[in-house]
Structure formats: C-alpha cells, structure tokens
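Colleague: I would like to see how this sequence folds:
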Amino acid sequence: MRQRFIRLGIVAALLAGAGPALAQFGLPAVGQTLGGAADRLRGTLDEAASLVTRPLEDVAALADLRLERLDAFVRRNRNIVAMDANGSPARAHELLLLDPDPAALMLAEKSGYRLMEQGDLEGLGVGFARLETPAGVTLPDATRALQKLLPAKTVTADQIHFPGGQMGGQTVPATGAPAIPSPRGGTVGLIDGGVRPDARLSAQAGFATGAPRPNQHAQSIASLLGGAGVAHVFAADVYGADPAGGNALAIAKALGWMAQQRVPVVSISLVGPANPLLERAVAAAQARGMFVVAAVGNDGAASPLSYPASYRDVVAVTGVDGKGRVLFEAGRASHLDYAAPGADMTAVGLSGRVTLRGTSFAAPLVAARLAAYAGPGPGRSLTALDREAVAAGARAGRGILCNPCRKGI
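Modeller: Take a look at the predicted model:
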C-alpha cells in the first residue's frame, strides 16, 4: 500500500511539474515553435507515466528515476545537450578552460578547438574561456583530448543544473495574509529562473538566451522569500528560453553579478554535478563575504552528491514536511547544515497560489533567516542561526529553521 501511495505521489509531482518541465525540456527558444515544445512536453508526461509503473521499493529507485529523466532530457535536446564523461548533461560541443593564457589558447586552436568566449567572471576575478569542440568528436573524447593537450590546465564540460522541487498544477486565488507575521528586512539573491517585478525586486539580470523570463519555480521561491520577511530580492535568470540553460557558466556569471551588487546571501535551488569553474566562483564569492545557500535536491539518499550544496562552506539545506519529517525524496550533499519547510506549503506563482514540494523551497527560507543576521563576521550569523534552529535528528542537520514559514506572499 505504501508503495502505491509513493508511486501516485511521484506521478502527481511529475505531472504537476509540467511548468518546470517546459522550462527544462525546451520552452521555445528563438526560432522554435510552440508546437515543438508541446511535443517535447507530451513526451515528458508519457515518460512520467511509464516510470511509475514499476514498484518503488526503496530510495535506490529514485536514483534510477533520476538517470532515466536525464537520459530523456538529453535525447530530446540532443542538438544542444550531450552527456559528459561522467554521464551528466552538459552543453553540447562546448568546453570550459579555466585560467586560459595565450599559449594554451593557441595550442587548443591548432588542435581544432575554436575560441567562443574569453573573460573573467565579473566581480569574482576568475578567468575562463569557452571553446567549441572539433567537429565529429564526442564531448567526453574532446574533454579528454584537451586535458591531455593542456595537462597543467583545468578543462571541464559546462554541466546543466536542474530545479529541485515541484509545484502543484492547480492554483487558487492568491488572497490572504502570510501564515505568520514576518518582520521585513534583509536582502537575498535568487539564482534560478526569472521573476516578475514587484516592490521587493531590487534588480534582475539574465544569463541565458531570452532571459530574464519569469518562470513558475523562481516565482514561487520569490514568493516564499517575501513570506519569510525578506525586504529586497536580487534575481538572476540562468534559464531564460534556453533548454541548455542552468549551465555552470551561467550560474558562475550570476554569482559574479551578485557579488558586484554586494548581495550578502544568495539562494540556489538548483542541482547538478561538481564543476570546477562553479566551485571556483563559489569560493571567490565566499571570500568576498557572501553566504551561498543551496538545496540538496530530490533524487533520494542513493543519488550522487548534489552541487552546489556540496561545495565547501555552502549552507546545505534539506526539506521537512508539516510534521517535521525529512522528505523521503531529499537528496544528499557532502555535508548538511539545516532543514526548513519543503512540503505542506504554498506560494504565489505566475497564475495564483500553488502547492509546493521539494528541497528547492527549503533553501530560500534558510537564506531568509540568514539574511536577517547577515553582517560583519559570518561566524556570528551562523551562531545566531544555530540558536534559532530546532533540533530534529541528524537528517535535519543542525536543526529546522523557519518552520512556520509555509505561505509565500
């Protein structure tokens, strides 16, 4: 019986997630038609139905679902997305070279790689180059060849990151007050999709084709930030209309922009594999005093480590339901700091109030509480959070924060 309810829950989550599925499986980009995007969405929904016909006996099944979902994503976007050497989706035909110098670039170009972009991550001082891979060479082979050619350099694919939560498909009018009175204050940066302008939005920038472009996932997170008392939001859209949006370079550029805006706390509810450029960007942002808060994802305890949550000193967040229980589908990171509401909650999306589930929606609540204490001396801010956190066992990290924060505005 329990397996049946779990399967039904996954069906509901996948089908209700049609909004984010559109964003991840190909909203029409420049030159594309809505019909093509609709075909991809129908395929996504068919896949969702087929995945849950098998018994879900343990968390290992969630890891299997993750692999099938990623495979389907790559198949549907094979002209612009490919698997990297570790089996993670990445931008096809492109590699990133860290700290490029003229000699390295010349050697790469002589070997068939074409320079597409070169620069520093503004605000962070991390140098990079985007290189187009030689024609007819797979992404893994091109990566290995360039790394062998430049053994002293760091070469990586530009892996794609995915949202870590789902929104219910049915909406209700967005009326009523927050569930708790929340004092206004604090500034939080949101790296996700685009959001609609409102009184809390201080600035917004785009780091993908067609960005900034409001999407349901980001809008719901912005609503939760408002409900948790955040006064000022800076939004960076790393998806736009690009099916290969959410890549590591876009997120790294967004972090650089946040650093330029002097945003003290940044919330990232996206999940992907380790990427050396993004790791460097996170470390550079932290060195400038920024807190980076990230969700651990929803692929279960048997899934690979989630990034950016697993990078050093990132505040890693899991989700709990209305009874304080850690979500069964919560992913894992190299460390876990806090838990916050990730189910039995609502927010105002693009078309009204929506129900939410996933660690995506826990991370911004921790960011909101951290922003309330942010200031000189990051250790003092975390100490204040520790005093506020309600202990709930090792699976909740150092405790649950913002437990009443279950209604965005």
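
Colleague: quick one: the helices in the stretch 1-150 of the chain?
Modeller: When secondary structure is read from DSSP state H, counting those that start in this stretch, the stretch 1-150 of the chain shows helices at 2-16, 18-25, 34-51, 60-76, 102-110, 139-149.

Colleague: state the mean pLDDT of the longest one.
Modeller: By that I understand helix 34-51. When pLDDT is averaged over helix 34-51, the result is 38.

Colleague: before we move on, the earlier item: in terms of mean pLDDT, which of the helices of the stretch 1-150 of the chain ranks lowest?
Modeller: Mean pLDDT per stretch puts helix 18-25 lowest among these, at a mean of 34.

Colleague: domain assignment for the chain?
Modeller: In terms of domains, the chain is parsed into 2-83, 89-156, 162-396 (source: automatic domain parsing).

Colleague: and the end-to-end length of the longest one?
Modeller: Distance between the two ends of domain 162-396: 23 Å, counting by CA to CA, to the nearest Å.

Colleague: use 30 as the first number from now on
Modeller: Shifting the count to begin at 30 puts that one at domain 191-425.

Colleague: ok so, going back, can you redo the domains of the chain as CSV with mean neighbour count?
Modeller: C-beta: built from backbone N, CA, C; applies to glycine. Listed next are the domains of the chain as CSV, based on neighbours: other CB atoms under 10 Å:
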stretch, mean neighbour count
domain 31-112, 16
domain 118-185, 17
domain 191-425, 22
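
Colleague: including distance to residue 435, could those domains go into CSV?
Modeller: Rendered in CSV, the data for the domains of the chain read as follows (distance: least, CB to CB, whole Å):
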stretch, distance to residue 435
domain 31-112, 18
domain 118-185, 32
domain 191-425, 4
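
Colleague: nearest to residue 432 among those domains would be which one?
Modeller: Judged by CB to CB, the one of these that comes nearest to residue 432 is domain 191-425, at 6.3 Å.

Colleague: so how far is residue 342 from the closest residue to residue 244 other than its chain neighbours?
Modeller: Setting aside the residues directly before and after it, residue 244 is nearest to residue 222 in space (CB to CB, 6 or more residues apart in numbering), at 3.4 Å. Taking CB to CB, to the nearest Å as the measure, residue 222 falls 26 Å from residue 342.

Colleague: and if you look at residue 374?
Modeller: 28 Å.

Colleague: for the closest residue to residue 302 other than its chain neighbours, what are its contacts?
Modeller: Of all residues beyond its chain neighbours, the one nearest residue 302 is residue 117 (4.4 Å), with distances taken as CB to CB, 6+ apart. The contact partners of residue 117, taken as CB atoms under 8 Å, 6 or more residues apart in numbering, are 99, 186, 188, 189, 301, 302.

Colleague: so what pairs up with the one residue sitting closest to the centre of the chain in the strands?
Modeller: A centroid search over the chain (CA atoms, centre = their mean) returns residue 299, at 1.1 Å, as the residue closest to the centre. Beta bridges link residue 299 to residue 192, judged by DSSP bridges.

Colleague: just to check, it is in contact with residue 194?
Modeller: No - checked against CB atoms under 8 Å, the pair residue 299 and residue 194 is beyond contact range at 10.1 Å.

Colleague: so what sits against both of the two?
Modeller: With contacts defined as CB under 8 Å, 6+ apart, the residues shared by residue 299 and residue 194 are residue 324.

Colleague: residue 384 belongs to a strand?
Modeller: Yes - with DSSP: H, G, I helix; E, B strand; the rest coil as the criterion, residue 384 is located in a strand.

Colleague: ok, and the closest non-adjacent residue to it?
Modeller: What sits nearest to residue 384 in space, not counting adjacent residues and going by CB to CB, 6+ apart, is residue 197, at 3.4 Å.

Colleague: how about residue 317: what's its closest non-neighbour residue?
Modeller: For residue 317, the nearest residue in space outside its immediate sequence neighbours is residue 288; the separation is 5.4 Å by CB to CB, 6+ apart.

Colleague: give me the element that neighbour is part of.
Modeller: Taking DSSP states H and E as the definition, one finds residue 288 inside helix 277-289.

Colleague: contacts for the helix or strand just after that helix?
Modeller: The helix or strand immediately downstream of helix 277-289 is strand 294-297, counting by DSSP H and E. Under the criterion CB under 8 Å, 6+ apart, residues 215-221, 250, 254, 280, 284, 287, 314, 319-324, 337, 392-393, 395-396, 399-400, 403 lie in contact with strand 294-297.

Colleague: out of those, which sit inside strands?
Modeller: 216, 217, 218, 219, 220, 221, 320, 321, 322, 323, 324 (DSSP state E).

Colleague: now do the contacts for the closest residue to residue 321 other than its chain neighbours.
Modeller: Using CB to CB, 6+ apart and skipping the chain neighbours, the partner closest in space to residue 321 is residue 343 (4.9 Å). Neighbouring residues of residue 343 by CB under 8 Å, 6+ apart: 311, 321, 322, 323, 337.

Colleague: now for the residues you listed: which two are most distant?
Modeller: Pairwise distances across those (CB to CB) peak at 11.2 Å, for the pair 311 and 322.

Colleague: what about this protein, any weak spots by pLDDT?
Modeller: 30-87, 198-213, 405-406 (pLDDT under 70).

Colleague: mind running it again at 80?
Modeller: Regions of the chain meeting the criterion pLDDT under 80 cover residues 30-89, 194-213, 404-408.

Colleague: for residue 248, helix, strand, or coil?
Modeller: Following three-state DSSP, we place residue 248 in the helix state.

Colleague: so it sits against residue 382, correct?
Modeller: No - applying CB under 8 Å as the test, residue 248 and residue 382 come out as separate, 11.4 Å apart.
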